[in-house]
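Engineer: model the structure of this input:
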Amino acid sequence: MGYGIKAFGFGPYGGVRKFGADRFGNLGTPLVKGAEWNEVSDAYADIGSKSPVHETLRVCLVTPGLEGSADVVLDQLDYTRDAQNNSVSLDGSQGHVMLRIPRLYYGYSYINNTHKWEVSSSKCGRTPNLHPAFFKAGVEVPYRYIGIYNACGYDVSAGAYIDGDGTNSWLDKINDKLGSIAGKKPISAITRAQGRVMAANVGAGWQLMDFNLYSLMKLLYVSKYADLDSQSVLGNGNTRFATWSFTNCISATGKVKSISAPGQSTSGGNSGDYVNLFGIEDPFGGIWGFIDGWNINSGVNYVCNNPANFADNAGPTSAYALYGSTNPTSGGWQNALQQNISMLPGSVGAGSTTKVTDYYNYASGWRVPCIGGYAVFGSYAGLCCLYASSVSSGANSNIGGRLCF
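Structural biologist: So this is what the prediction gives:
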């Protein structure tokens with residue numbers, strides 16, 4: 001569990017007591033990593049220096065139907081080799097390239113204008129809650145998986161992955177599949193509903209990134225880096241073009257083949273620019289990403305954690321529940337966050353270098369959330385950037401998705 005050398009003492013009832021535990025055997029501070037942010041003074045505090053949660057993230061090749069039982073763990077510094085130094089392929093022939101996230105617990109509080117986020121691999125007094133991403137269709141699961149790469153399109157009739165081109169006239173939106181692979185341009189110009197179908201075609205349990213996974217990704221980020229300015233921390237990535245063209249702005253996936261890949265950003269834009277978060281390529285920039293299991297109606301959030309019930313324009317039903325506070329009803333730079341674990345926008349009125357530092361787009365009515373920003377979005381982009389203006393019928397060349405499980 002990240003303790004290294006095991007040390008024991010005797011508990012109050014004569015049993016063995018783990019080092020760092022209280023008298024009831026509950027693990028304490030050695031496991032906890034986190035951050036505080038005072039949203040008035042815009043000051044941060046880092047909590048803890050080491051985190052078993054972040055240290056146990058693994059990039060793997062994952063075969064549909066064998067998730068968790070036959071994952072091929074990759075060399076985290078060279079994805080073209082496995083942990084036993086055997087050569088592997090990232091082209092989809094050996095599985096999808098995914099970040100495996102073990103079950104984790106969190107604590108959250110908001111006191112005196114200060115958000116406090118903490119994570120741990122074990123339940124303890126400071127992290128008493130299992131993150132909701134690990135409840136899938138009402139069942140607790142040991143892992144969640146996020147695609148390392150933006151989703152590419154697999155042509156079932158051709159038996160091959162095909163480059164996205166911003167139009168995808170070849171795409172069969174009913175029978176084709178999504179994939180997390182290196183070496184092809186990502187798919188776009190699909191609706192979220194079409195992406196949902198093509199993700200499900202991969203196999204049971206496969207889906208687009210959902211609300212709780214997105215929340216989890218942000219929590220992992222802020223608890224490690226203690227800074228909401230993701231462009232400052234990770235780099236600007238592919239956000240610096242002046243005008244949008246899929247052909248010119250987007251290159252093939254596979255720029256990140258190591259968790260230590262440094263990122264790249266070029267003044268004026270370059271399709272080879274990228275950012276890297278825990279080995280994930282382009283969590284922002286390049287193209288927007290659909291988030292499923294989350295619908296917004298005039299700023300009101302509705303969330304579902306059962307992929308079988310994901311639907312567009314769905315409000316308070318047995319599947320979708322009201323979540324958090326109402327998002328701001330005008331767009332702008334995010335100034336404050338809602339008081340919940342998901343880091344949703346609470347107010348606007350800041351700037352590109354203050355407070356959250358990411359932009360929020362608003363439109364009334366039913367909206368499909370997209371996150372991250374795209375290749376011409378500049379300083380507006382980032383991990384918390386939220387586009388709540390897209391309608392469910394929208395199929396745009398600058399919006400795609402990410403395969404998850």
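Engineer: what's the model's confidence in stretch 397-405, averaged?
Structural biologist: This predicted structure assigns stretch 397-405 an average pLDDT of 98.
Engineer: between its first and last residues, how far does that stretch reach?
Structural biologist: The first and last residues of stretch 397-405 sit 24 Å apart, counting by Cα to Cα, to the nearest Å.
Engineer: quick check, residue 236 in contact with residue 270.
Structural biologist: No. Contact between residue 236 and residue 270 fails when scored by Cβ atoms under 8 Å: they sit 10.8 Å apart. (Each C-beta comes from the backbone N, C-alpha and C, glycine too.)
Engineer: all helices of the stretch 101-250 of the chain, in order?
Structural biologist: Counting by DSSP state H, counting those that start in this stretch, the stretch 101-250 of the chain forms helices over residues 192-200, 211-225, 230-234, 246-249, given from the N-terminal end onward.
Engineer: how about those helices in TSV, adding mean pLDDT and mean neighbour count?
Structural biologist: Output for the helices of the stretch 101-250 of the chain, formatted as TSV (pLDDT from 0 to 100; neighbours: other Cβ atoms under 10 Å):
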stretch	mean pLDDT	mean neighbour count
helix 192-200	98	23
helix 211-225	98	23
helix 230-234	98	21
helix 246-249	98	17
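Engineer: among those, which comes closest to residue 265?
Structural biologist: helix 230-234 (8.6 Å; Cβ to Cβ).
Engineer: starting at the chain centroid, how far to that closest one?
Structural biologist: Computed by Cα atoms, centre = their mean, to the nearest Å, the separation of helix 230-234 from the middle of its chain amounts to 15 Å.
Engineer: about what we covered before: between residue 236 and residue 270, which is the more surrounded one?
Structural biologist: Using other Cβ atoms under 10 Å, the more surrounded residue of residue 236 and residue 270 is residue 236, with 23 against 17.
Engineer: got a list of what that one touches?
Structural biologist: For residue 236, the contacting residues are 265, 273, 275, 285, 378, 379, 381, taking Cβ atoms under 8 Å, 6 or more residues apart in numbering as the criterion.
Engineer: among those residues, name the buried ones.
Structural biologist: Restricting these to buried positions leaves 265, 273, 275, 285, 378, 379, 381, with burial counted as 16 or more other Cβ atoms under 10 Å.
Engineer: could you find the closest non-adjacent residue to the fifth one?
Structural biologist: Spelled out, that is residue 378. Closest residue in space to residue 378, ignoring its immediate chain neighbours: residue 239 at 5.5 Å, by Cβ to Cβ, 6 or more residues apart in numbering.
Engineer: can you list phi and psi of that neighbour for me?
Structural biologist: The phi and psi torsions at residue 239 (degrees, to the nearest 10) take the values phi -130, psi 10.
Engineer: how about the one 3 residues further on?
Structural biologist: When quoted as degrees, to the nearest 10, the phi and psi of residue 242 stand at phi -90, psi -30.
Engineer: in this structure residue 126 contacts residue 118, no?
Structural biologist: Yes. Under the criterion of Cβ under 8 Å, residue 126 is in contact with residue 118, at a separation of 5.3 Å.
Engineer: residues shared between the contacts of these two?
Structural biologist: Residues touching both residue 126 and residue 118 (Cβ under 8 Å, 6+ apart) are 32, 107.
Engineer: and these two? which has more neighbours close in?
Structural biologist: For residue 126 versus residue 118, neighbours defined as other Cβ under 10 Å are more numerous around residue 118 (25 against 20).
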